[in-house]
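Undergrad: Model the following, please.
(one chain, ligands or ions: 1)
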Amino acid sequence: MKTRACLAAVFAALTLAACGGDSEGEGEATATPGQPSAANGQELFTQNCANCHTLAAAGANGQVGPNLDDLRPGPDLVRTQTENGGGAMPAFKGRLSPEQIQAIADYVAENAGAS
Ligand code: HEC
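TA: As a prediction, this is how the structure comes out:
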């Protein structure tokens, strides 16, 4: 409860100090909505996709879904698939914001097959 209120405060005001400073970087692991960036995309990928997909750039070696380094999907495919799911893959619409999904899509499209 306390942590939840604390995180809400962080998102609202970006005042980590208001949390009493004992969260030990907990906020770091939580993606900040509405701030797409390459780093954010990688973090989101690691949190949401790495269990099932291989993507060398993210150090991911999941085997449930297709290897994204081989597939090299474009951003539109990643975004559509992430929003709606398909096959054994869950839909992330409602769980991730459109900005977060776009950040993942850009990240995957830019990095798949790159390393
Ligand atoms: C529970 C395992 C699981 C998770 C988590 C998961 N996927 Fe998938 N993904 C799959 C499976 C299985 C398929 C193959 C779906 C099919 O056969 O239709 C797939 C397919 C895909 C495809 C290919 C779609 C196509 O039409 O070829 C992309 C791109 C993709 N996933 C991206 C992602 C991204 C990005 C995430 C994280 C937001 C993610 N996946 C999370 C299991 C997963």
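Undergrad: drop to CA atoms for contacts and neighbour counts, all remaining ones
TA: Will do.
Undergrad: I'd like the distance between the closest residue in space to Phe45 that isn't next to it in sequence and the ligand.
TA: Of all residues not flanking Phe45 in the chain, Ile104 sits nearest, at 6.1 Å (C-alpha to C-alpha, 6 or more residues apart in numbering). Using C-alpha to the nearest ligand atom, to the nearest Å, we find Ile104 at a distance of 6 Å from the ligand.
Undergrad: Now do the contacts for Ile104.
TA: Ile104 sits next to 40-42, 44-45, 78-79 when contact means C-alpha atoms under 8 Å, 6 or more residues apart in numbering.
Undergrad: Is it possible to get TSV of these that adds secondary structure?
TA: Converted to TSV, these look like this (DSSP: H, G, I helix; E, B strand; the rest coil):
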residue	secondary structure
Asn40	helix
Gly41	helix
Gln42	helix
Leu44	helix
Phe45	helix
Val78	helix
Arg79	helix
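Undergrad: out of those, who's nearest His53?
TA: Set against His53, the nearest of those by C-alpha to C-alpha is Phe45 (9.4 Å).
Undergrad: Find the least confident helix or strand in this protein, judged by mean pLDDT.
TA: Every helix and strand of the chain was ranked by mean pLDDT, DSSP states H and E. The lowest is helix 26-29, at a mean of 44.
Undergrad: burial of Ala58, as a residue count?
TA: Residues lying near Ala58 (other C-alpha atoms under 10 Å) number 18.
Undergrad: residues in contact with the nearest residue to it once chain neighbours are set aside?
TA: Of all residues not flanking Ala58 in the chain, Gln42 sits nearest, at 6.2 Å (C-alpha to C-alpha, 6+ apart). By C-alpha under 8 Å, 6+ apart, the residues touching Gln42 are 58, 104, 107.
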